[in-house]
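Student: sequence isn't available, so here's the structure alone:
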């Protein structure tokens, strides 16, 4: 699964951002990749995935937190379209008013964070590499299968953050995952009430 994940990421790297970064840091990343083959690259605590950290509250102290929302949380009639990294979040739109992502954005201070709307695993990987020199931490919301794939990627690059798993008609195998990566997903996913509260808690910085 880990090897398959890496091959998938590099073979779908249309912009060659991941490939160039990998070969520029070939020896250090290869070493971490080999180590990753013999260990678990994530842990789970209270229903969320931890990547290279022990305590979820670690990200509350982050000076550069990236938050990624999955496209499959968007309403089916999304005015920005579902399979896109854009979000209008129009307060006058009835559709936006029903969108869970709009609700999340209202409850967190978006000016404190870098917000992404995730279409593919490659997309979020590319965006994190672009700002890696700013030492970003991340909080991404995605299906469990995607989080496990991303766990391997984040370990190799030593990126620190957490993943909140979606529920409902999520991707649970490679076939479903690849269809979703092509935008072929009509079903809508959601965050459980319990994990939604964790999301808001983690996005409130300690003073």
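Tutor: Ah, there it is. These numbers come from a predicted model, not from an experiment.
Student: do you know the pLDDT at the residue of the chain positioned farthest from its centre?
Tutor: Most distant from the centre of the chain: residue 92, at 27.8 Å, with distances by C-alpha atoms, centre = their mean. pLDDT recorded at residue 92 is 90.
Student: may I ask you to confirm that it belongs to a helix?
Tutor: No: if the criterion is DSSP: H, G, I helix; E, B strand; the rest coil, then residue 92 is coil and not within a helix.
Student: any weak-confidence spans in this structure?
Tutor: Across the chain, the ranges flagged by pLDDT under 70 are 205-207.
Student: spatially central, which residue of it would that be?
Tutor: residue 140 (3.3 Å).
Student: got the contact list for it?
Tutor: Neighbouring residues of residue 140 by C-beta atoms under 8 Å, 6 or more residues apart in numbering: 66, 67, 68, 70, 118, 124, 147, 150, 161, 162, 163, 164. Heads up, the C-betas are built off the backbone N, CA and C, glycines and all.
Student: turn the residues you listed into a markdown table, including distance to residue 39.
Tutor: Formatted as a markdown table, these follow (distance: C-beta to C-beta, whole Å):
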| residue | distance to residue 39 |
| --- | --- |
| 66 | 25 |
| 67 | 27 |
| 68 | 25 |
| 70 | 27 |
| 118 | 26 |
| 124 | 23 |
| 147 | 17 |
| 150 | 16 |
| 161 | 18 |
| 162 | 18 |
| 163 | 18 |
| 164 | 23 |
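Student: just confirm residue 60 contacts residue 198, I think it does.
Tutor: No: look at residue 60 against residue 198 with C-beta atoms under 8 Å: they stay out of range, at 11.5 Å.
Student: which of those two has more neighbours?
Tutor: residue 198 (18 against 15; other C-beta atoms under 10 Å).
Student: hang on, the more buried one packs against residue 45?
Tutor: No: distance between residue 198 and residue 45: 10.2 Å, which falls outside the contact criterion (C-beta under 8 Å).
Student: anything in contact with each of those two?
Tutor: Common neighbours of residue 198 and residue 45 (C-beta under 8 Å, 6+ apart) are residue 56.
Student: hang on, the earlier thing: neighbour-wise, which of the contacts of residue 140 leads?
Tutor: Going by other C-beta under 10 Å, residue 150 tops those with 28 neighbours.
Student: so it sits in a helix?
Tutor: Yes: per three-state DSSP, residue 150 lies within a helix segment.
Student: next, the contact list for it, please.
Tutor: Applying C-beta under 8 Å, 6+ apart, the residues near residue 150 are 51, 121, 124, 125, 140, 142, 163.
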